[in-house]
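1. kindly return the folded structure for what I paste below:
(one chain, ligands or ions: 1)
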Amino acid sequence: MALERIVKPWIRELEPYQPGKPAEELDRELGITGSLKLASNESPLGPSPRAVAAMQAELARVHRYPDGASFELRRRLAGRLGVGEEQLVFGAGADEILELLAKVLLGPGDECVFAWPSFAMYPIVVRGMGATPVPVPLDAALVHDLDAMAKAVTARTRLVFVCNPNNPTGTSVGREALDRFAEALPAECVLAIDEAYVDFARRADFPDSLAWVRRRPGTIALRTFSKAYGLAGLRVGYGVADPELAGYLQRARHPFNVNRLAEVAAVAALDDREYTERLQRLNADGIAYLTRELTALGFEVWPSDANFVLARGPAGVVPALLREGVIVRPLAGFGLTEHLRITVGLPEENERLVKALRRIAERTA
Ligand SMILES: Cc1ncc(COP(=O)(O)O)c(C=O)c1O
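-> Numbering: from 1, shown residues only. The predicted structure follows:
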């Protein structure tokens, strides 16, 4: 069968998302064990012990479908965030919420504006619906250029993503800039503020996305349990939107998109404030350490409000690190051939990376 004749042309042309190389794969390639992966912005602390215990207690019930309404998680999270339960939409990762937004809002002829470089899934979900991605370059400091993004909005724009803090740069926009942008956005356009890294943001004027959810119909904040709650492997994320938008997303989702183990683990992780606070401290110290050491090695390092740092160094450093058994994220796919994104690890992992970089520098000196 000539599938290429019947598959949607925009799907044929999609480039699949390239996830970070698994540590096990590098182990096999190098014939070693213990490769270090600092490439996918996961928690270096492992999962919260409370989440593990909750999953263990739930294991004997996995023959039952999950609670499709995520009742307990919804109740707890709504209370924590001070929003209505009907404003929450859960997904298998924030990734699924991105897809739901595209499914609900976009089709051929529609446009979606986002910054670039930013999260690599944006163009994929937009193209996946046959719609047109409108990437707007970051400014010279690699921060969202919200004024340029506002200018890129047309009568065909149905969705705008603002990734704050931004992946892969770690940079963020402040309250004033976001307020000005949101204020001017046409009403027929959904504003999605992707806050996957919000729990790591430290700037005093970090925007209050939920205030915009309350104030502007057609606004959604996206969050995840993958980063600050240490549950990337379980796939739980959510959106907080006005009830009308949340209702449309609910209609479009699969009935059991958050599985049983993920739901109980997310509830337990939400209660484990000690875990998240420990991770936040570890992350702040790790960013300070990596910034200092990488700068001393001659790298340019960007300020980060996330759990990773963006650095620019000599070309070829990513493959050289791989040979040292350390996986970081290359950004060549964005046209940034000398940049790398490094996830903050445990102190000893950060030191291992720095030592590997020192050895590389000595060899090439
Ligand atoms: C900016 C951004 N948004 C969304 C996601 C997706 O997160 P999740 O693991 O919840 O699907 C990521 C994951 O890396 C991300 O970096």
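2. please, which helix or strand holds the residue nearest to the spatial centre of the chain?
-> Nearest to the mean C-alpha position of the chain, by CA atoms, centre = their mean, lies residue 196 at 4.5 Å. Assessed by DSSP states H and E, residue 196 sits outside every helix and strand.
3. chain neighbours aside, what residue packs nearest to it?
-> Excluding the flanking residues, the one nearest residue 196 by CB to CB, 6 or more residues apart in numbering is residue 224, at 4.9 Å. C-betas here are computed from N, CA, C, even on glycine.
4. helix, strand or coil: sort out the closest residue to residue 234 other than its chain neighbours for me.
-> The shortest distance from residue 234 to any non-neighbouring residue, by CB to CB, 6+ apart, is to residue 262 (4.1 Å). Recorded secondary structure, residue 262: helix (DSSP: H, G, I helix; E, B strand; the rest coil).
5. for residue 262, give its distance to residue 79.
-> From residue 262 across to residue 79, the span is 19 Å (CB to CB, to the nearest Å).
6. more crowded one of these two?
-> residue 262 (26 against 11; other CB atoms under 10 Å).
7. chain center to the helix or strand encompassing residue 338, what's the gap?
-> Residue 338 is part of strand 336-343, with elements assigned from DSSP H and E. Put simply, strand 336-343 sits 16 Å off its chain's centre (CA atoms, centre = their mean, to the nearest Å).
8. what's the answer for stretch 104-112, then?
-> Worked out by CA atoms, centre = their mean, stretch 104-112 lies 22 Å from the chain centre.
9. buried residues in that stretch?
-> By neighbour count with 16 or more other CB atoms under 10 Å, stretch 104-112 contains the buried residues 104, 105, 106, 110, 111, 112.
10. thought residue 134 was touching the fifth one, still the case?
-> Meaning residue 111. Yes: if you go by CB atoms under 8 Å, residue 111 and residue 134 touch, sitting 5.1 Å apart.
11. overlap of the contact sets of the two?
-> residue 157 (CB atoms under 8 Å, 6 or more residues apart in numbering).
12. just give the nearest non-adjacent residue to residue 15, would you?
-> residue 124 (7.6 Å).
13. what's that neighbour in contact with, if anything?
-> Residue 124 neighbours (CB under 8 Å, 6+ apart): 14, 15, 16, 17.
14. contacting residues around the residue of the chain found nearest the ligand?
-> Taking CB to the nearest ligand atom, the ligand has its nearest neighbour within the chain at residue 93, 2.4 Å off. Residue 93 makes contacts with 224, 226, 235, 236, 237, as judged by CB under 8 Å, 6+ apart.
15. save the residues you listed as JSON lines, and put in neighbour count and secondary structure too.
-> Output for the contacts of residue 93, formatted as JSON lines (neighbours: other CB atoms under 10 Å; DSSP: H, G, I helix; E, B strand; the rest coil):
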{"residue": "224", "neighbour count": "24", "secondary structure": "strand"}
{"residue": "226", "neighbour count": "22", "secondary structure": "coil"}
{"residue": "235", "neighbour count": "19", "secondary structure": "coil"}
{"residue": "236", "neighbour count": "29", "secondary structure": "coil"}
{"residue": "237", "neighbour count": "25", "secondary structure": "strand"}
